[in-house]
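Participant: After the sequence you'll find the predicted model.
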Amino acid sequence: EPEVTQTPSHQVTQMGQEVILRCVPISNHLYFYWYRQILGQKVEFLVSFYNNEISEKSEIFDDQFSVERPDGSNFTLKIRSTKLEDSAMYFCASSPRDNYNEQFFGPGTRLTVL
Amino acid sequence: AQSVSQHNHHVILSEAASLELGCNYSYGGTVNLFWYVQYPGQHLQLLLKYFSGDPLVKGIKGFEAEFIKSKFSFNLRKPSVQWSDTAEYFCAVRGTYKYIFGTGTRLKVLA
């Protein structure tokens, strides 16, 4: 069964550094999302992306964040200058064209900012 | 505003006990509801979902949930829990382009 994949599984970075988290959505899906989960807290929506545009973003998704679909398969989340509070698990998700009501989640990337 | 409330933050049960986890939502549009489970150190796994039709939804691992529109609720149930059900459970409602998650319920099942 097709799955959303994410790399790396764990990323450690220094405060102020840029990080790029990568996701490969399910191949025929057209809607893409990023969520984050700070340790011990709930899953929070960051951004949704469709047709090469951001559809919706949360207040968390400030100018330090950006998303890109650089080719036909990858979907990336970039954090320009990481802060300690960016430490979290980041989940990518995707939805198919004919059922954007359902999102399929990847295994997550644990980001640790030191 | 769209929101999801899970009132039970921590639940401890003995094996074979029955489980019911509460979920209430606030959303004005067409309701799509989900329950996810997150085992320690693992990612989100879909337990069950409600889009329309029969309000009693059966999912994986013996879980079920009932959508009660008049109460804005979507409670998760399992008649007899196992030690392996120890995990965190999240209720979610689909918003326009996103899921809105509840704060989660940590379930610990004692062997």
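Facilitator: Great, that's in hand. Residues are numbered from 1 along each chain as shown, chains lettered A, B, ... in the order given.

Participant: I'd guessed A:Ile60 sits against A:Ile38; true?
Facilitator: No - the pair A:Ile60 / A:Ile38 is not scored as a contact, 10.2 Å apart, by Cβ atoms under 8 Å. In short, each C-beta sits where N, CA and C put it, glycine included.

Participant: okay, and the common contacts of these two?
Facilitator: With contacts taken as Cβ atoms under 8 Å, 6 or more residues apart in numbering or on different chains, A:Ile60 and A:Ile38 have A:Glu44 as neighbours in common.

Participant: Which of the two has more residues huddled nearby?
Facilitator: Set A:Ile60 next to A:Ile38 and count neighbours by other Cβ atoms under 10 Å in any protein chain shown: A:Ile60 wins out with 16 against 13.

Participant: for the spatially closest residue to that one that is not a sequence neighbour, what are its contacts?
Facilitator: Leaving aside its sequence neighbours, A:Ile60 sits nearest to A:Leu46 (Cβ to Cβ, 6 or more residues apart in numbering or on different chains; 5.8 Å). When contacts are counted by Cβ under 8 Å, 6+ apart, A:Leu46 touches A:33-36, A:57-58, A:60-61, A:65, A:77, A:90.

Participant: could you redo the last one with a cut-off of 7 Å?
Facilitator: Taking Cβ atoms under 7 Å, 6 or more residues apart in numbering or on different chains, we find A:Leu46 in contact with A:34-36, A:57-58, A:60-61, A:65.

Participant: tell me which of these is nearest to B:Trp83?
Facilitator: A:Tyr35 (28.8 Å; Cβ to Cβ).

Participant: State the helix or strand in which that closest one lies.
Facilitator: Using DSSP states H and E, the element containing A:Tyr35 is strand A:29-37.

Participant: Starting from that strand, tell me which strands it pairs with and how they run.
Facilitator: Strand pairing for strand A:29-37, using DSSP bridges, gives strand A:43-50 (antiparallel), strand A:88-96 (antiparallel).

Participant: Report the central residue of chain B.
Facilitator: B:Trp35 (3.8 Å; Cα atoms, centre = their mean).

Participant: how many neighbours does the closest residue to that one other than its chain neighbours have?
Facilitator: In space, and not counting its chain neighbours, B:Trp35 is closest to B:Leu47: 4.4 Å by Cβ to Cβ, 6+ apart. Close neighbours of B:Leu47, defined as other Cβ under 10 Å, add up to 23.

Participant: and B:Leu47, what does it touch?
Facilitator: Listed by Cβ under 7 Å, 6+ apart, the contact partners of B:Leu47 are B:35-37, B:59-60, B:63.

Participant: Could you tell me which of those residues count as buried?
Facilitator: Among these, those buried by neighbour count (16 or more other Cβ atoms under 10 Å in any protein chain shown) are B:35-37, B:59, B:63.

Participant: if I look at the spatially closest residue to A:Asn28 that is not a sequence neighbour, how far off is chain B?
Facilitator: Nearest non-adjacent residue to A:Asn28, counting by Cβ to Cβ, 6+ apart: A:Pro96, 6.2 Å away. Noted for A:Pro96: a distance of 14 Å to chain B, by Cβ to the nearest Cβ, to the nearest Å.
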